[in-house]
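Trainee: What follows is a predicted protein model with its sequence.
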Amino acid sequence: EAGVAQSPRYKIIEKRQSVAFWCNPISGHATLYWYQQILGQGPKLLIQFQNNGVVDDSQLPKDRFSAERLKGVDSTLKIQPAKLEDSAVYLCASSFLQGLDTQYFGPGTRLTVL
Amino acid sequence: AQSVTQLGSHVSVSEGALVLLRCNYSSSVPPYLFWYVQYPNQGLQLLLKYTSAATLVKGINGFEAEFKKSETSFHLTKPSAHMSDAAEYFCAVSDKRKAAGNKLTFGGGTRVLVKP
């Protein structure tokens, strides 16, 4: 079974530029999560989708971050404009359902904002 | 609001020695509890989870954890460390209430170094 795929794996941009990350969850997984992991910290949930609907985006900085999952499968996370403090690893995870279903994580995208 | 505290950001153990990673949680109701492991340049992998069945939970790679409600703890142990256990370990909690979905709140992580 293929795991959660993410691209790119690494991205370096300058502040005020825009950037987009892509995630392809495990086939059949209805729930998709985006986490931000700042160096030295645990992951923090940014947004959770159930199919193509948003379940929780309470910690998403909506003035600069946006995410979509138009067809209930792949998802993109965008930052525009980026700030220095956005430097982090962005992790995508998916689970079959909500509740106690195990979340499976992708390898992440490491973003460096200069 | 839920929170997780992992005592010790770095732990060094000798190969063959006991591994003990500490996790304490704060929650208005007993939550579900998880331990994840993260190897360099990889995503997080579930080691084990507590879902209010047996308080002693066995996971993969010889790890186990015990839920102690009176201590609000969920410490992770492995009797004998192996070089391949070198990684970062994260404790996480999830609210039992259905309305909370499956949101995980993570601790800050503990990096384990295994010495030969």
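Mentor: Alright, I've got the coordinates.
Trainee: C-alpha only now, for contacts and for neighbours.
Mentor: OK.
Trainee: mind listing what's buried in the worst-scoring helix or strand of chain B on mean pLDDT?
Mentor: Every helix and strand of chain B was ranked by mean pLDDT, DSSP states H and E. The lowest is strand B:104-106, at a mean of 91. Under the neighbour-count criterion of 16 or more other Cα atoms under 10 Å in any protein chain shown, strand B:104-106 has B:104-106 buried.
Trainee: ditto for stretch A:20-36
Mentor: Buried residues in stretch A:20-36, counted by 16+ other Cα under 10 Å: A:21-26, A:29-36.
Trainee: gap between the two ends of it?
Mentor: 14 Å (Cα to Cα, to the nearest Å).
Trainee: Need the contact partners of it.
Mentor: A:1-8, A:43-51, A:72-79, A:88-98, A:109 (Cα atoms under 8 Å, 6 or more residues apart in numbering or on different chains).
Trainee: Recalculate using a threshold of 7 Å.
Mentor: The contact list for stretch A:20-36, computed with Cα atoms under 7 Å, 6 or more residues apart in numbering or on different chains, reads A:2-8, A:43-51, A:73-79, A:88-98.
Trainee: which residues pair with the residue nearest the centre of chain A across the strands?
Mentor: In chain A, the C-alpha nearest the mean C-alpha coordinate belongs to residue A:34, at 3.0 Å (Cα atoms, centre = their mean). Taking DSSP bridges as the rule, residue A:34 bridges to residue A:47, residue A:92.
Trainee: separation between it and residue A:76?
Mentor: Applying Cα to Cα to residue A:34 and residue A:76 gives a distance of 9 Å.
Trainee: same thing with residue B:20?
Mentor: Distance, residue B:20 to residue A:76, by Cα to Cα: 38 Å.
Trainee: Could you do residue A:12 as well?
Mentor: Distance of residue A:12 to residue A:76, computed by Cα to Cα: 17 Å.
Trainee: In terms of neighbours, single out the busier of those two.
Mentor: Neighbours per residue, other Cα atoms under 10 Å in any protein chain shown: of residue A:12 and residue A:76, the larger number sits with residue A:76, 18 against 12.
Trainee: doesn't that one fall inside a helix?
Mentor: No. Counting by DSSP: H, G, I helix; E, B strand; the rest coil, residue A:76 is not found in a helix; it is strand.
Trainee: just checking, it touches residue A:66?
Mentor: No. Counting by Cα atoms under 7 Å, residue A:66 is not a contact partner of residue A:76; they are 8.3 Å apart.
Trainee: Could you tell me which residues make contact with residue B:110?
Mentor: Counting by Cα under 7 Å, 6+ apart, the residues that residue B:110 touches are B:6, B:8-11, B:88-90.
Trainee: one step back: neighbouring strands for the least confident helix or strand of chain B, and are they parallel or not?
Mentor: Counting by DSSP bridges, strand B:104-106 is paired with strand B:87-94 (antiparallel).
Trainee: where in chain A is pLDDT low?
Mentor: Across chain A, the ranges flagged by pLDDT under 70 are A:1, A:98-100.
Trainee: Which residue ranges of it form helices?
Mentor: With DSSP state H as the criterion, chain A has no helices.
Trainee: Tell me which stretches of it form strands.
Mentor: Per DSSP state E, chain A carries strands over the ranges A:5-7, A:10-13, A:19-24, A:31-37, A:44-50, A:53-56, A:65-68, A:75-79, A:88-95, A:104-105, A:109-113.
Trainee: Could you dump the ones you listed into JSON lines and include distance to residue B:47?
Mentor: Output for these, formatted as JSON lines (distance: least, Cα to Cα, whole Å):
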{"stretch": "strand A:5-7", "distance to residue B:47": "20"}
{"stretch": "strand A:10-13", "distance to residue B:47": "26"}
{"stretch": "strand A:19-24", "distance to residue B:47": "23"}
{"stretch": "strand A:31-37", "distance to residue B:47": "19"}
{"stretch": "strand A:44-50", "distance to residue B:47": "19"}
{"stretch": "strand A:53-56", "distance to residue B:47": "25"}
{"stretch": "strand A:65-68", "distance to residue B:47": "29"}
{"stretch": "strand A:75-79", "distance to residue B:47": "26"}
{"stretch": "strand A:88-95", "distance to residue B:47": "16"}
{"stretch": "strand A:104-105", "distance to residue B:47": "12"}
{"stretch": "strand A:109-113", "distance to residue B:47": "22"}
